[in-house]
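In: Any chance you can model this:
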Amino acid sequence: MLKKVISWLTVRNETIRQGLAEALSTFILMVIGQGSVAQVVIGKNSFGDFLSINLGFGFGVMLGIHVAGGISEALMDYTGGTLSVGGPTGTANIFATYPSPYMSTLGGFINEFITTAVLLIGILAINDLKNAGALPGTHALSVGLLVAVIGMSLGMNTGYAINPSRDLPPRIFTAVAGWGLEVFNASNNWWWVPVVAPMLGSLLGIFIYNIFIDFHNRPRLDGSRKPDCEGDESVEQRL
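Out: Residues are numbered from 1 along each chain as shown. Down below sits the predicted model:
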């Protein structure tokens, strides 16, 4: 009977299986990462600080990778029952990213653009077996540490979304769950920056890694690493 139940629950479609895995891994990332933010904000820095947030997201990414390959009473007590975006009891930043008060929209866009490019360069390097890639079995840890380091060095200005799925779905959730449309209007309509900038920044990161590393490190068909042009006939020979 148990085998029949397991067989009935087993998903055969590869696309659906990948979707379920990605959904669970994203859930793990959000619980750990945003849980670390919630403890810092609600605990008024008594249960962590900026470093713990970075570590939370870093190791959240790590566990999310392993998996794929609510609002508590404490929140309501902290806010006094009023969910707001800004102010001394603002809590919307637990779920989505918002720029620091001193950041302009352009400056924040550039910050997210650059941090995402750095992320992609690091991920490509970690997974590049032709280069000094990560050791087998350590890719998840390496990516998690990469995210943590990016947060510790570049995360203060904008909260380093570096991924549209890290910011937009939680922002929609807060809009529906009681924070209202202010989550989209706040910080000069900031919401589109962590959606667009990471997508463009990822393209920059891929371009930079390919131009500086990958294109020059691909083996030829004969197994050598010499540029293809060195094996071609000279102009004089062709003439």
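
In: Helices along this protein, start to end?
Out: Secondary structure of the chain (DSSP state H): helices at 2-9, 14-42, 50-68, 73-79, 105-126, 139-154, 164-174, 182-189, 193-212, 235-238.

In: Quick one, which of the ones you listed gets closest to G87.
Out: helix 73-79 (9.7 Å; CB to CB). C-beta: built from backbone N, CA, C; applies to glycine.

In: okay, the helices of the chain in CSV with mean neighbour count and mean pLDDT next?
Out: What follows is the helices of the chain, written out as CSV (neighbours: other CB atoms under 10 Å; pLDDT from 0 to 100):
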stretch, mean neighbour count, mean pLDDT
helix 2-9, 8, 62
helix 14-42, 16, 76
helix 50-68, 20, 74
helix 73-79, 13, 65
helix 105-126, 20, 95
helix 139-154, 19, 90
helix 164-174, 19, 85
helix 182-189, 17, 93
helix 193-212, 18, 96
helix 235-238, 7, 41
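
In: Let's have the ones you listed in CSV, adding distance to R218.
Out: Formatted as CSV, the helices of the chain follow (distance: least, CB to CB, whole Å):
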stretch, distance to R218
helix 2-9, 43
helix 14-42, 28
helix 50-68, 26
helix 73-79, 51
helix 105-126, 13
helix 139-154, 21
helix 164-174, 30
helix 182-189, 43
helix 193-212, 10
helix 235-238, 25
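
In: now for those, which one comes closest to F95?
Out: Set against F95 and scored by CB to CB, these come closest in helix 164-174, at 3.8 Å.

In: Torsion angles phi and psi at D128?
Out: Backbone dihedrals for D128, given as degrees, to the nearest 10, come out at phi -90, psi 100.

In: Do I have it right that it meets D214?
Out: Yes: judged on CB atoms under 8 Å, D128 makes contact with D214 at a distance of 6.9 Å.

In: just to revisit the earlier point, and P219, which of the helices of the chain is closest to it?
Out: With CB to CB as the measure, helix 193-212 is the member of these nearest P219 (15.5 Å).

In: Check which helices and strands the closest one sits against.
Out: helix 105-126, helix 164-174 (3 or more CB pairs under 8 Å, 6 or more residues apart in numbering; DSSP states H and E).
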